[in-house]
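Engineer: A structural model of the following input is requested.
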Amino acid sequence: MQVIGAPALQAAVVGTDASPERLSFYAEVMGLTPSEADGTPVLDLGPGGAEAEALALAVMACHGQIPAPVVRRRLPSLQVAAASRVRAAGAAGRGLRSATPDVAVAAVEQAHAGFFGLEVMNLRHRRFDGTMSPVIRREVFVSGDAVTVLPYDPVRDRVLLIEQFRAGPLGRGDPLPWQLEAVAGRIDPGETPEDCARREAVEEAGLVLGRLLRVGEYYPSPGAMTEYIYSFIGLCDLPDGVAGVFGQAEEAEDIRGHLLTFEAFMDAVDRGEIANAPLLLTALWLQRERRRLR
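Structural biologist: Down below sits the predicted model:
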């Protein structure tokens with residue numbers, strides 16, 4: 001089979017083994033049908049681009065480990081994760097942190113492939129004494145990048161929190177698995193973090209945000225998760241009666257809004273009712289910057 005398309009995309013799909021099995025696997029996952037030219041099957045991979053190449057690498061990492069139909073069902077999640085890898089490649093410059101790129105990954109096992117993924121990596125990395133570590137085994141929970149945005153009305157000095165059921169606290173054994181949070185969601189392919197923040201504010205709270213103020217961006221749990229979060233404050237009007245029940249039915253969302261004064265919000269923080277890390281971080285940022293915003 002002949003392969004055409006962007007060279008980098010071809011390299012991601014073909015790898016070092018241009019076997020028909022690899023090409024057939026990729027075609028089945030991506031829903032591609034080879035055409036014919038002079039009696040030779042031709043597989044057109046498309047124009048490429050950074051996200052397409054990252055997606056191809058993620059798809060082909062599953063070859064030989066996960067059946068193509070399973071990978072195809074997970075394609076939307078893989079697209080989100082691929083976009084996350086592209087954003088990660090453009091990370092900000094380093095100051096205090098080690099800048100060495102010396103990490104050698106010997107093998108990656110696809111241990112789980114559902115809405116989220118679980119990868120098991122065998123790797124070595126440069127140690128602070130200059131030597132390479134022995135081969136170590138690390139399990140990584142794979143998801144996409146996400147956004148949180150806290151709606152804030154600087155005139156009325158109010159915030160809007162959302163409340164929804166979360167499986168994580170339930171799995172930990174928390175008898176109250178409903179969490180108070182900022183508006184949040186995964187960044188879709190092709191979206192900027194700011195676009196995502198505005199979309200999620202409409203979907204989860206019925207709000208059209210004004211100016212977005214970046215609180216920070218960070219890994220909430222870098223020891224085990226790929227997730228990277230962009231947190232914002234969204235300036236908007238929050239009149240009486242604005243809090244309601246929202247959410248996307250197709251995602252089984254059931255989301256209730258809570259309209260709180262800034263003082264009531266900080267009281268909830270102080271008494272430990274806010275147990276959501278991005279919201280805590282945003283609360284501290286707002287506490288520091290509130291006077292300037294008003």
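Engineer: which helices and strands sit right next to the helix or strand harbouring residue 3?
Structural biologist: Here residue 3 sits within strand 2-4, counting by DSSP states H and E. Secondary-structure packing of strand 2-4 (3 or more Cβ pairs under 8 Å, 6 or more residues apart in numbering; DSSP states H and E): helix 7-14, strand 40-44. Yep, even glycine has a C-beta here, placed from its N, CA and C like the rest.
Engineer: could you tell me the least trusted of those?
Structural biologist: The minimum mean pLDDT among these belongs to strand 40-44 (a mean of 80).
Engineer: wait, which of the helices and strands packed on strand 2-4 is closest to residue 170?
Structural biologist: Closest to residue 170 of these, according to Cβ to Cβ: helix 7-14, at 38.4 Å.
Engineer: and the longest helix seen in the chain, how far from the chain's centre?
Structural biologist: When the chain is parsed with DSSP state H, its longest helix is helix 277-293. Taking Cα atoms, centre = their mean, to the nearest Å, one finds the center of helix 277-293 at 23 Å from the center of the full chain.
Engineer: before we move on, what about stretch 262-279?
Structural biologist: The answer for stretch 262-279 is 24 Å, by Cα atoms, centre = their mean.
Engineer: with stretch 237-247 instead?
Structural biologist: Per Cα atoms, centre = their mean, the centroid offset for stretch 237-247 relative to its chain is 27 Å.
Engineer: go on, stretch 221-236?
Structural biologist: That offset, for stretch 221-236, works out to 9 Å (Cα atoms, centre = their mean).
Engineer: compute the first-to-last residue distance for that stretch.
Structural biologist: Stretch 221-236 has an end-to-end distance of 30 Å (criterion: Cα to Cα, to the nearest Å).
Engineer: ok, residue 110 touching residue 65?
Structural biologist: Yes. With contact defined as Cβ atoms under 8 Å, residue 110 counts as touching residue 65 (4.5 Å).
Engineer: more neighbours: which of those two?
Structural biologist: residue 110 (19 against 13; other Cβ atoms under 10 Å).
Engineer: confirm that one sits in a strand?
Structural biologist: Yes. Residue 110 forms part of a strand when assessed by DSSP: H, G, I helix; E, B strand; the rest coil.
Engineer: quick one: furthest residue from the center of the chain?
Structural biologist: residue 38 (44.0 Å; Cα atoms, centre = their mean).
Engineer: model confidence score at that one, please.
Structural biologist: 71.
Engineer: repeat that for residue 33.
Structural biologist: Residue 33 is given a pLDDT of 87.
Engineer: distance of the closest residue to it other than its chain neighbours from residue 20?
Structural biologist: Among residues not flanking residue 33 along the chain, residue 27 sits closest, at 7.2 Å (Cβ to Cβ, 6 or more residues apart in numbering). The gap separating residue 27 from residue 20 is 10 Å, by Cβ to Cβ, to the nearest Å.
Engineer: pick out whichever of those two has more residues nearby.
Structural biologist: Using other Cβ under 10 Å, the more surrounded residue of residue 27 and residue 20 is residue 27, with 18 against 9.
Engineer: contact partners for the more buried one?
Structural biologist: Residues near residue 27 by Cβ atoms under 8 Å, 6 or more residues apart in numbering: 33-34, 43.
Engineer: would you format the residues you listed as JSON lines with distance to residue 181 and neighbour count included?
Structural biologist: As requested, the contacts of residue 27 are exported to JSON lines (distance: Cβ to Cβ, whole Å; neighbours: other Cβ atoms under 10 Å):
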{"residue": "33", "distance to residue 181": "44", "neighbour count": "8"}
{"residue": "34", "distance to residue 181": "47", "neighbour count": "16"}
{"residue": "43", "distance to residue 181": "44", "neighbour count": "20"}
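Engineer: can I get these in a markdown table including distance to residue 178?
Structural biologist: Formatted as a markdown table, the contacts of residue 27 follow (distance: Cβ to Cβ, whole Å):
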| residue | distance to residue 178 |
| --- | --- |
| 33 | 47 |
| 34 | 50 |
| 43 | 49 |
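Engineer: give me phi/psi at the nearest residue to residue 114 once chain neighbours are set aside?
Structural biologist: Distance criterion Cβ to Cβ, 6+ apart; nearest residue to residue 114, sequence neighbours excluded, is residue 74 at 7.1 Å. As for residue 74, its main-chain torsions (degrees, to the nearest 10) stand at phi -90, psi 0.
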